[in-house]
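J.: Build me a model:
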Amino acid sequence: MSSMRWNDRTNMSMLTDYYELTMSRGYLDHEMADTIAWFDLFFRSIPEDGGYAIMAGVEQMIDYLKTLQFTEEDLSFLRDSGQFNERFLNYLRDFKFVCDVWAIPEGTPIFPNEPIVKVRGPIIQAQMIETMLLVTINHQSLIATKTSRIVRAAQGRPVFEFGARRAQGYDAAVLGARAAYIAGANGTSCTICGEHFGIPLVGTMAHSWIQAFDTEYDAFCAYARSFPENTVLLVDTYNVLKSGLPNAIRTAKDVLEPSGHRLKGIRIDSGDLTYLTNKAREMLDRAGLQDCRITASNALDEYIIRDLIQQGAAIDTFGVGERLITSRAEPVFGGVYKLAAIEQNGEILPRMKFSENATKITNPCNKEVWRFYDLSTGKAIADLITLADEEIDTTQPYELFDPLHTWKRKTVTNFQASRLLQPIFVQGKLIYERVSIEQNRQHCATEMDRLWDSLKRFENPQTYYVDLSQKLWDIKDQLLHANKQLI
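T.: Below is the predicted model of the structure:
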């Protein structure tokens with residue numbers, strides 16, 4: 001596996017909304033560049049009205065922040081725009097990232113309104129990184145969430161990511177496949193992901209291979225001779241049952257078995273997959289090919305996969321492309337990045353966005369996120385957002401309450417409380433011990449097992465509560481009342 005990371009290929013510092021730079025110049029103009037600010041990255045709703053989302057993209061966020069700098073070419077471009085004075089350009093020339101950053105680890109189930117990334121540092125720096133943090137975390141969390149749903153629908157059958165050619169650009173193809181693997185996909189057809197991330201690769205042939213030969217049988221035989229240990233044949237170029245399957249079986253008998261090999265699998269990419277796979281299974285079994293696996297592809301998603309399994313389709317593995325890599329049903333993960341506090345004279349002063357829409361009112365202050373687990377079942381009970389200096393005494397009962405409907409309360413006992421946010425950078429220095437993609441994948445599987453199945457339903461999942469501590473709720477309530485004329 002190459003040591004080069006995907007984001008090392010180019011300088012990403014200018015991947016930012018223009019207003020991040022105009023605001024930054026304004027902070028410098030008004031002697032606010034060193035003002036310490038706290039920002040939260042969070043999302044407000046789960047894609048497709050699901051019960052959970054999956055955190056992903058932390059590794060690429062780290063790569064970006066480690067290499068954050070501005071080149072002379074960047075400075076020349078900004079100078080030519082006419083919006084930036086030499087004082088600001090000199091600031092960028094000498095730029096050194098010094099922020100503190102916390103994040104929830106990749107593969108962790110996450111829920112609306114809780115900080116999944118937290119940033120503290122000079123406001124000019126903390127503001128400037130907003131766009132890249134959002135595009136990184138939003139995209140990979142979206143694809144990881146979609147993949148998790150698809151993997152769950154497959155009920156233990158392997159799912160392979162086949163979507164590179166349908167992704168919205170090469171970044172989306174590469175990093176989408178990475179996120180999919182973390183969330184449970186078993187491999188990818190995207191070769192560069194095997195090289196750079198160590199993701200298992202899968203792929204055999206396209207219809208064009210078969211069309212390039214005089215007959216389908218010739219094409220199958222040629223492929224079997226080249227790859228006798230891994231012969232998987234695409235059988236729907238002409239007719240699955242009249243041509244593809246008979247020729248695949250003939251190839252197994254004429255080429256593979258005489259050389260001591262077996263037909264590993266077939267793939268069907270079109271037609272009535274339930275009917276065709278069941279007929280194919282019958283034909284393969286009659287031919288003594290009970291160990292030949294059947295892969296289905298063709299615009300699959302979690303709903304189609306669920307229906308195929310319910311209908312008894314004889315499918316061993318699924319290849320899922322465009323509807324996974326684009327999260328076609330809802331292709332936006334609505335993460336936002338909001339100011340939560342300002343430090344003045346060593347005191348943290350809360351900041352909050354107000355709105356007539358209660359769900360858009362942000363949570364102020366420097367915060368911590370806790371996950372409560374029931375010790376008797378091992379399952380997650382709820383998440384709790386507290387002030388950062390609060391501690392949870394797990395030896396005492398703890399009362400949780402809904403921050404919007406405060407009369408909804410629950411007292412929990414016999415529980416474990418785990419901090420979710422982990423320190424990544426301290427004063428710009430990376431302190432996080434980076435883990436392998438396999439560790440991220442295993443963490444995701446473990447934490448998904450700790451969610452109740454009722455949260456994982458595709459329709460009308462149970463609501464998982466993200467509550468506020470009493471201290472944090474009191475501060476938010478005081479700010480709302482003090483500024484009620486603004487709402």
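J.: what residues are up against residue 224?
T.: 231, 233, 251-252, 255-256, 261, 263 (Cβ atoms under 8 Å, 6 or more residues apart in numbering). Any C-beta I mention is one placed from the backbone N, CA and C, and that applies to glycine too.
J.: So of those residues, which two are at opposite extremes in space?
T.: 233 and 261 (13.0 Å; Cβ to Cβ).
J.: Between the two, which is the more surrounded one?
T.: residue 233 (27 against 16; other Cβ atoms under 10 Å).
J.: Just send the contacts of residue 224 back as CSV, with secondary structure, pLDDT and distance to residue 293 too.
T.: Converted to CSV, the contacts of residue 224 look like this (DSSP: H, G, I helix; E, B strand; the rest coil; pLDDT from 0 to 100; distance: Cβ to Cβ, whole Å):
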residue, secondary structure, pLDDT, distance to residue 293
231, coil, 98, 11
233, strand, 98, 11
251, helix, 98, 16
252, helix, 98, 13
255, helix, 98, 18
256, helix, 98, 14
261, coil, 98, 15
263, coil, 98, 9
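J.: Just send these back as a markdown table, with distance to residue 102 too.
T.: Formatted as a markdown table, the contacts of residue 224 follow (distance: Cβ to Cβ, whole Å):
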| residue | distance to residue 102 |
| --- | --- |
| 231 | 49 |
| 233 | 50 |
| 251 | 56 |
| 252 | 55 |
| 255 | 57 |
| 256 | 54 |
| 261 | 52 |
| 263 | 51 |
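J.: which stretches of the stretch 351-487 of the chain form strands?
T.: Per DSSP state E, counting those that start in this stretch, the stretch 351-487 of the chain carries strands over the ranges 367-374, 380-387, 398-401, 409-412, 415-419, 422-426, 429-430, 466-468.
J.: So which of those is the most surrounded?
T.: Most buried of these, by mean neighbour count (mean count of other Cβ atoms under 10 Å): strand 466-468, with a mean of 24.
J.: mean confidence for it?
T.: Per-region confidence: strand 466-468 scores 97 on mean pLDDT.
J.: Kindly report the same for stretch 161-177.
T.: Averaged across stretch 161-177, pLDDT comes to 96.
J.: Which positions within that stretch qualify as buried?
T.: Neighbour-count burial for stretch 161-177 flags 161-164, 166-167, 172-177 (criterion: 16 or more other Cβ atoms under 10 Å).
J.: gap between the two ends of stretch 249-258?
T.: This stretch, stretch 249-258, spans 13 Å end to end (Cα to Cα, to the nearest Å).
J.: Now it: buried residues?
T.: Applying a neighbour-count criterion of 16+ other Cβ under 10 Å, one finds 249, 251-252, 255-256 buried in stretch 249-258.
J.: Out of the residues you listed, which comes closest to residue 271?
T.: Closest to residue 271 out of these is residue 249 (18.3 Å), distances taken as Cβ to Cβ.
J.: Show me this structure divided up by domain.
T.: 6-143+331-486, 204-314 (automatic domain parsing).
J.: Got the confidence number for the closest residue in space to residue 51 that isn't next to it in sequence?
T.: Distances taken as Cβ to Cβ, 6 or more residues apart in numbering place residue 461 nearest to residue 51, at 3.0 Å, with adjacent residues excluded. Here the pLDDT value assigned to residue 461 is 98.
J.: again with residue 447
T.: 98.
J.: okay if I get the buried residues of stretch 249-258 as TSV plus distance to residue 468?
T.: Shown next, in TSV, are the buried residues of stretch 249-258 (distance: Cβ to Cβ, whole Å):
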residue	distance to residue 468
249	63
251	64
252	62
255	66
256	63
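J.: Okay, residue 111 and residue 404: tell me how far apart.
T.: From residue 111 over to residue 404 the distance is 14 Å, taken as Cβ to Cβ, to the nearest Å.
J.: What is the burial count for residue 133?
T.: For residue 133, the count of nearby residues is 23 (other Cβ under 10 Å).
J.: Could you pull up the mean pLDDT of the longest helix seen in the chain?
T.: The residue-count maximum for a helix in the chain (DSSP state H) belongs to helix 130-153. Model confidence over helix 130-153, given as mean pLDDT, is 98.
J.: So which elements touch the helix or strand just after it?
T.: Note on helix 130-153: by DSSP states H and E, the next helix or strand toward the C-terminus is strand 159-161. Counting contacts by 3 or more Cβ pairs under 8 Å, 6 or more residues apart in numbering; DSSP states H and E, strand 159-161 packs against helix 130-153, helix 170-182, strand 187-188, strand 317-320.
J.: ok so, going back, could you save the strands of the stretch 351-487 of the chain as JSON lines and add columns showing distance to residue 72?
T.: Converted to JSON lines, those look like this (distance: least, Cβ to Cβ, whole Å):
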{"stretch": "strand 367-374", "distance to residue 72": "39"}
{"stretch": "strand 380-387", "distance to residue 72": "43"}
{"stretch": "strand 398-401", "distance to residue 72": "54"}
{"stretch": "strand 409-412", "distance to residue 72": "57"}
{"stretch": "strand 415-419", "distance to residue 72": "42"}
{"stretch": "strand 422-426", "distance to residue 72": "26"}
{"stretch": "strand 429-430", "distance to residue 72": "26"}
{"stretch": "strand 466-468", "distance to residue 72": "46"}
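J.: quick one, which of the ones you listed is nearest to residue 273?
T.: strand 380-387 (35.3 Å).
J.: And the contacts of that closest one?
T.: By Cβ under 8 Å, 6+ apart, strand 380-387 touches 109, 111, 113-115, 363, 365-374, 392, 400, 410, 412, 415, 417, 420, 450-452, 464-469, 471-472, 475.
J.: Sheet partners, orientation included, of that strand?
T.: Looking at strand 380-387 with DSSP bridges, its partner strands are strand 367-374 (antiparallel), strand 466-468 (parallel).
J.: CA-only coordinates of it in PDB, if you can.
T.: Provided in PDB are the C-alpha atoms of strand 380-387 (Å, rounded to 0.1, in the frame of the first residue of the first chain):
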ATOM      1  CA  ALA A 380     -26.800   2.700  23.800                       C
ATOM      2  CA  ILE A 381     -29.500   4.600  25.700                       C
ATOM      3  CA  ALA A 382     -29.000   8.200  24.600                       C
ATOM      4  CA  ASP A 383     -26.300  10.900  24.000                       C
ATOM      5  CA  LEU A 384     -25.800  13.800  26.300                       C
ATOM      6  CA  ILE A 385     -24.300  17.200  25.500                       C
ATOM      7  CA  THR A 386     -22.700  18.800  28.500                       C
ATOM      8  CA  LEU A 387     -20.400  21.700  29.300                       C
END
